[in-house]
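Student: Here you go, sequence then predicted model.
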Amino acid sequence: MEIRNLITFTKVAELQSLSGAARSLGYAQSTVTMQMQQLEQELGIALYERVGKQIRITQAGQELLGYAVHIIKLSEEALQVGKGDSSAIEGSLRLGIFKALNNDEFASRMDHYLERNPRVELDVRVEQSSMVLLDMMRHNEIDLMVTLDTLISDSDLIHGEKDVPVEVHFYVSVEHELAGQRGLDLQRILSFPQICIGEADVYGRKIERLLEEVMVVGSDNSVRTGNTRIMVRDQDLALHMTALQGRRGKRAGVVLAPDLVACQYVRNGQLTALNYEMPDCRVWRQTIYHRNKWVTRAMNAWLSISEDTEDE
């Protein structure tokens, strides 16, 4: 069994296309077809099947894929024996970043990465939605995605780093009538208009869950809340609107946001976190890649950089 055939197989699995794999690897399509046939003959199994114009990896192929990725990684590591620091990492790394994480901390990590790997071409895409990043990854438009969301655990995804919890709180303008009050009741907070970040966004879903959790039996079997929802696609704009609304009287809104997103507004004296007791509410910073992705040295260098910086 030849390594190059396994490399071709992982690329076919990643792109779900023989022609796409050929273009990516610089081969003629007939070469890719031949290599796949050689693998199938050696193993005595079908590795893929055609569904219309698409390629679908069989169950047996999926089982082989895990071994193939591991063998390729070991092969690359073996080639580095004796080379030491003279073997610089080259190639490219395409990162998809959730906008809230595009901050000074992330910029510092990019600088650290490029300082260690100057020959890597780093391409960064910043998006407002985790769903957009997932779609890009599944269409091989990015290699890794870094997002802030509830835990994502689809079977075709691998978490490349330890997931980091990020607390989520309600924030208001410093001029809001609730600002500075202690021991607030969650029902009272939710009686104010909520500024949500996109109708299907994670923070909008968090508010819906909180509403369900604080339901109490009353004369009409419900909690009376503001119900007014101002849907804003851009997180920064949502927080900015919350700050501005402090000048508009007691019905100014509240926004549920991750602490690391709201922190710059808190530092600027525009927003303040409300003081209240509530059920556990958090999202997670997650670094994810597709299980069919051949993990390159450039990807591994990014995934290991957090461990390196902790040791320094």
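Tutor: Yep, it's here.
Student: Now the residue nearest the centre of the chain: which helix or strand?
Tutor: Centroid check for the chain by C-alpha atoms, centre = their mean gives T147 as the closest residue, at 2.8 Å. Following DSSP states H and E, one finds T147 within strand 144-149.
Student: now do V69
Tutor: Per DSSP H and E, V69 falls inside helix 59-79.
Student: Any idea how many residues pack against P165?
Tutor: Burial measure for P165: 11 neighbouring residues, criterion other C-beta atoms under 10 Å. Using the backbone N, CA and C atoms, a C-beta is placed for each residue, glycine as well.
Student: was I right about it contacting R282?
Tutor: Yes - taking contact to mean C-beta atoms under 8 Å, the distance of 4.9 Å between P165 and R282 places them in contact.
Student: how close does E2 get to E42?
Tutor: Using C-beta to C-beta, to the nearest Å, one gets 9 Å for the distance from E2 to E42.
Student: repeat for L15
Tutor: 22 Å.
Student: The two - which one has more neighbours?
Tutor: Neighbours were counted for L15 and for E42 using other C-beta under 10 Å; L15 has more, 18 against 11.
Student: Just read off the phi/psi values of the more buried one.
Tutor: With angles defined as degrees, to the nearest 10, L15 sits at phi -90, psi -10.
Student: count of neighbours near T150?
Tutor: Residues near T150, counting by other C-beta under 10 Å: 14.
Student: pretty sure it contacts V283?
Tutor: Yes - T150 lies in contact with V283 (C-beta under 8 Å); the separation is 6.1 Å.
Student: related to what we said a few turns ago, elements contacting the strand holding T147?
Tutor: strand 91-98, helix 130-138, strand 282-290, helix 297-311 (3 or more C-beta pairs under 8 Å, 6 or more residues apart in numbering; DSSP states H and E).
Student: thought the residue nearest to the centre of the chain was touching K99?
Tutor: No - applying C-beta under 8 Å as the test, T147 and K99 come out as separate, 9.8 Å apart.
Student: quick revisit: wait, which of the helices and strands packed on strand 144-149 is closest to I71?
Tutor: For these, proximity to I71 was assessed by C-beta to C-beta; helix 297-311 is nearest, at 15.4 Å.
Student: same question for that closest one, mean pLDDT?
Tutor: Taken as a whole, helix 297-311 carries a mean pLDDT of 74.
Student: Doesn't I195 lie inside a helix?
Tutor: No - assignment of I195 by DSSP: H, G, I helix; E, B strand; the rest coil gives strand, placing it outside any helix.
Student: What is the burial count for it?
Tutor: Other residues close to I195 by other C-beta under 10 Å number 28.
Student: I figured it hits G253, correct?
Tutor: Yes - using C-beta under 8 Å, I195 is in contact with G253, at 4.5 Å.
Student: Nearest to D111, out of the helices and strands packed on strand 144-149?
Tutor: Closest among the helices and strands packed on strand 144-149, using C-beta to C-beta: helix 297-311, at 10.8 Å.
Student: Can you report phi and psi for L256?
Tutor: Dihedral angles (degrees, to the nearest 10) for L256: phi -90, psi 120.
Student: That one and V168 touch, don't they?
Tutor: Yes - between L256 and V168 a contact is recorded at 6.0 Å, counting by C-beta under 8 Å.
Student: got the contact list for V166?
Tutor: Shown in contact with V166 (C-beta atoms under 8 Å, 6 or more residues apart in numbering): 148, 258-260, 282-285.
Student: For stretch 132-139, which outside residues touch it?
Tutor: By C-beta under 8 Å, 6+ apart, stretch 132-139 touches 96-98, 125, 127, 142-145, 147, 152, 154, 156-157, 288-290.
Student: Give the buried subset of those residues as a PyMOL selection command.
Tutor: Applying 16 or more other C-beta atoms under 10 Å to the contacts of stretch 132-139, the buried members can be selected in PyMOL as follows:
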select buried, resi 96+97+98+127+142+143+144+145+147+152+157+288+289+290
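Student: my read is E121 is in a helix, agree?
Tutor: No - read with three-state DSSP, E121 is strand and lies in no helix.
Student: Stretch 112-124: how far from the chain's middle?
Tutor: 20 Å (C-alpha atoms, centre = their mean, to the nearest Å).
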